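# next comes the sequence, and after it the predicted model I'd like to discuss.
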Amino acid sequence: MNKLLKRSLFVGLAATQLPVFSAPAEKQQNPNIVLIFMDDMGYGDLSCYGASQYKTPNLDRMAAQGIRFTNFLSAQAVCSASRAGILTGCYPNRVGISGALMPDAKIGLNPSEETIAEVVKKRNYKTCAIGKWHLGYQREFLPLQQGFDEYLGLPYSNDMWPVNFDGKPAAENSNKARYPVLPLIEGNEKIREIKTLDDQSQLTTIYTEKAVRFISENKMNPFFLYVAHSMTHVPLAVSAKFKGKSEQGLFGDVMMEIDWSVGQIMKALEKNGLEKNTLVIFTSDNGPWLNFGNHAGSTGGLREGKGNSFEGGQREPCLMKWPGHIAEGTICNKLASTIDILPTLATIINSPLPEKKIDGVNILPLLLGDENANPRESFLYYYRKNSLEAVRKGTWKLVFAHPGRTYIGFKPGVDGFPGKTNENFQFEEGLYDLRRDPGERYDVKEYYPEVVAELKKLADEARLDLGDDIQQMPGKNRREPGRITEK
C-alpha cells in the first residue's frame with residue numbers, strides 16, 4: 001500500500017472516529033479557520049514563552065484558552081520556503097521553492113500545487129489572504145490564482161525596496177536601489193505604493209482592519225483567513241498608538257501592536273458569534289534575524305537564528321485555540337510542524353488531501369488531548385537550494401557537516417542596521433539530545449553510535465526521495481516550481 005493511500009485512509013478513519021465532525025451538515029457546521037503567520041519572530045518573543053520588557057496579553061490569553069506547543073518547527077528557516085511549506089503541507093524543496101524569492105524572480109509556487117485554500121474550498125469555504133505573500137510576484141503566482149477569493153498585502157518582504165536602513169532613499173549605486181517601489185496589492189492589482197517607514201507603520205493596522213471586515217462579511221458561511229504579517233521582519237515600523245509603549249524599544253512596540261491585532265481578530269469573532277466555532281492558529285515562519293540586534297527578536301536561548309537549521313532558526317511558538325475541542329491550558333511537548341497544518345485541517349473538515357504527495361501528518365489527536373498520540377516521529381532540516389543539514393527523530397537530532405550561516409562571534413547591529421555574519425561557516429557533524437540540551441551545545445555522537453546509525457539511515461531515505469546538493473543527489477520525488485512564460 002503506497003504512502004498516499006495510507007495517509008488518505010488514516011484521514012478518513014480519523015474523521016469517522018470523531019462524531020462531532022461526522023454530524024449532518026445542517027446540525028454541525030465546519031469550523032472557521034484563522035491562521036496568523038508571523039515573520040522573523042523567534043521562540044522567545046511572546047510573554048507566554050518568556051519574553052520580557054513588554055507583554056502580549058491577547059496571545060497569552062489564547063495560550064491559556066487553548067494549546068501551546070514547545071516543539072513546533074517551521075518548514076524551513078527562511079521566508080519563501082517556509083510559506084511554501086505551511087500552505088502546501090510539503091517540505092519546500094519538494095515543491096521547488098527555496099530561499100527568499102527576489103522581486104525579479106522568474107519562478108513562484110506552481111499553481112498545480114494544492115494550497116490550504118484550495119483544500120478548504122472543496123468544502124465551500126470563503127478564503128482570504130492578507131499580508132506578505134512571497135511565493136511569486138507575477139500575476140499567475142498571486143493568491144487569487146492559488147485558491148484565495150480575496151487578497152490584500154505585499155507580494156514579498158518589506159525590506160525589498162529602494163530605501164536604506166535609516167529610512168532614507170537608497171543611493172543610486174547601492175544594492176538597495178535595484179529594488180522597485182514596494183507595492184500594496186489588492187486582488188491582482190497594485191492600489192498604492194509603500195515608499196517610507198511612515199507608510200510601513202500603517203501595515204499592521206491595514207491588515208487587521210481587512211481581517212475584521214472579512215470576518216464580518218463572511219459570518220454566515222465557513223471561512224479560511226490567512227493573515228501573514230510583514231512584521232517583525234526589518235525594517236521595523238509601528239503605528240503611533242504603540243510607538244514608545246514598550247521597555248524594549250521599537251521591537252517591543254511592534255510585538256505589542258501584533259498582540260493588539262490578534263485581540264482585534266478575537267473580538268471580531270466574538271462580536272459575530274463565531275468564537276466557539278473557529279479554530280485560531282498563531283505561529284511564525286522562522287527564527288529571528290539576529291544580526292539586526294535590538295531590531296531582532298529572541299530565540300529564547302536556542303542556538304543560532306534565521307537562515308540556519310539549528311533550533312533557533314526553526315523552532316517557533318505555536319498557539320491554537322478551538323473552544324469545546326482543545327482543552328484550555330494544554331501544553332504539548334510532542335514534535336509538530338507547520339507542514340502538518342494542511343492535513344490536520346483536511347481531517348477536521350473532512351476534505352480530500354491534495355492528489356500529489358505531501359509531507360505533513362495529521363496532528364488532530366494532539367489538539368484533542370490524546371497523550372498517547374505521536375503522529376510526527378521525525379523531521380528533515382533542509383536549507384539553501386536543497387541541502388539536508390540535519391535530521392531529527394524524537395528528541396535526537398543529527399546535524400551533518402555543512403556550510404551555513406552563523407551569528408556567533410559577531411557584534412550585532414543597532415537601530416535597524418545589520419551586523420556581520422559568516423554565511424559559509426563550516427559546521428561539523430554532531431548529535432544532540434534536545435531533551436537535555438535544547439541549545440545544541442554538546443555533541444554526544446561518540447556515546448550513542450546506534451542513534452547516529454539510525455538517523456543516518458533516515459537521512460539516506462530522505463536523500464533518495466528529496467535529494468541533497470552536498471551529496472550531489474537530485475532526489476526522485478521533487479517537483480518543479482511554477483515558471484513565468486517569457487513573452
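Structure received. Remember, it's a predicted structure, so these values are computed and weren't measured experimentally.
# any idea how many residues pack against the residue lying closest to D40 once chain neighbours are set aside?
Nearest residue to D40 in three dimensions, chain neighbours excluded: H233, at 4.7 Å (CB to CB, 6 or more residues apart in numbering). C-beta: built from backbone N, CA, C; applies to glycine. H233 has 25 neighbours, counted by other CB atoms under 10 Å.
# and H233, what does it touch?
H233 makes contacts with D39, D40, C79, K132, S157, N158, D159, W289, as judged by CB atoms under 8 Å, 6 or more residues apart in numbering.
# which of those sit farthest apart?
Based on CB to CB, the longest span within the contacts of H233 runs between K132 and W289 and measures 14.5 Å.
# which residue is the nearest non-sequential neighbour of the spatially most central residue of the chain?
Centroid-nearest residue in the chain, with CA atoms, centre = their mean: D285, separated by 3.1 Å. The shortest distance from D285 to any non-neighbouring residue, by CB to CB, 6+ apart, is to S82 (3.9 Å).
# which strand or helix spans that neighbour?
S82 is located in helix 79-88, with elements delineated by DSSP states H and E.
# how about residues contacting whichever helix or strand comes after that helix?
For helix 79-88, the following helix or strand on the C-terminal side (DSSP H and E) is strand 107-108. Residues from elsewhere that reach strand 107-108 (CB under 8 Å, 6+ apart): 96-97, 101, 135-138, 140-141, 481-484.
# over to stretch 58-65?
Residues contacting stretch 58-65 (CB under 8 Å, 6+ apart): 46-48, 259-260, 262-263, 266, 280, 282, 319, 321, 323, 328-329.
# who wins for most neighbours among the residues you listed?
L46 (29 neighbours).
# now it: phi and psi?
phi -110, psi 150 (degrees, to the nearest 10).
# show me the contacts for it.
T56, L59, D60, A63, M255, P317, L319.
# mind running it again at 6 Å?
Residues in contact with L46 (CB atoms under 6 Å, 6 or more residues apart in numbering) are T56, L59, P317.
# which of the three states applies to the second one?
Secondary structure for L59, judged by DSSP: H, G, I helix; E, B strand; the rest coil, is helix.
# pLDDT averaged over the longest helix seen in the chain - what is it?
In the chain, taking DSSP state H as the definition, the longest helix is helix 250-271. Here helix 250-271 scores 98 as its mean pLDDT.
# list the helices and strands it packs on?
Helix 250-271 sits against helix 57-64, helix 203-217, with contacts defined as 3 or more CB pairs under 6 Å, 6 or more residues apart in numbering; DSSP states H and E.
# gap between the longest one and the chain center?
Here helix 203-217 shows a centroid-to-chain-centroid distance of 20 Å under the convention CA atoms, centre = their mean, to the nearest Å.
# before we move on, what about the shortest one?
Averaging C-alpha positions (CA atoms, centre = their mean) puts helix 57-64 19 Å from its chain's average.
# what mean pLDDT does that helix have?
pLDDT averaged over helix 57-64 gives 98.
# ok, now the longest one?
Helix 203-217 shows an average pLDDT of 98 in the prediction.
# which parts of that helix are buried?
L203, T204, T205, I206, Y207, T208, K210, A211, V212, F214, I215 (16 or more other CB atoms under 10 Å).
# tilt between that helix and helix 250-271?
If you take axes from the mean of the first three to the mean of the last three CA atoms, to 10 degrees, helix 203-217 sits at 10 degrees to helix 250-271.
# next SSE after helix 203-217?
Immediately after helix 203-217, counting by DSSP H and E, sits strand 223-228.
# partner strands of that following strand, with direction?
Applying DSSP bridges to the sheet, strand 223-228 is found paired with strand 32-38 (parallel), strand 126-131 (parallel).
# next, the angle helix 79-88 makes with it.
170 degrees.
# returning to what we had before: distance to I341 added to the helices and strands packed on helix 250-271, as TSV?
Below are the helices and strands packed on helix 250-271 laid out as TSV (distance: least, CB to CB, whole Å):
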stretch	distance to I341
helix 57-64	16
helix 203-217	18
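# among these, which is nearest E311?
Per CB to CB, nearest to E311 of those: helix 57-64, 20.0 Å.
# next, the angle from the closest one to helix 250-271.
Using the same axes, to 10 degrees: helix 57-64 against helix 250-271 is 60 degrees.
# now helix 57-64: buried residues?
N58, L59, D60, R61, M62, A63.
# once you drop chain neighbours, what's closest to the first one?
Once its chain neighbours are removed from consideration, N58 has its nearest residue in G263; the separation is 3.7 Å (CB to CB, 6+ apart).
# now the one you found: how far from A129?
21 Å (CB to CB, to the nearest Å).
# what does I408 give?
36 Å.
# over to Q200?
Taking CB to CB, one finds Q200 at 19 Å from A129.
# neighbour count: these two, which is higher?
A129 (26 against 23).
# the more buried one bridge partners, please.
In beta-bridge terms (that is, DSSP bridges), A129 pairs with Y151, Y226.
# my read is that Y91 contacts K357, right?
No. Y91 lies out of contact with K357 (CB atoms under 6 Å); the separation is 10.4 Å.
# domain ranges for this structure?
3-16+31-376, 381-483 (automatic domain parsing).
# quick one: mean pLDDT over the shortest one.
It stands for domain 381-483. Rounded mean pLDDT across domain 381-483 is 97.
# pick the most deeply packed of the domains of the chain.
domain 3-16+31-376 (a mean of 21; mean count of other CB atoms under 10 Å).
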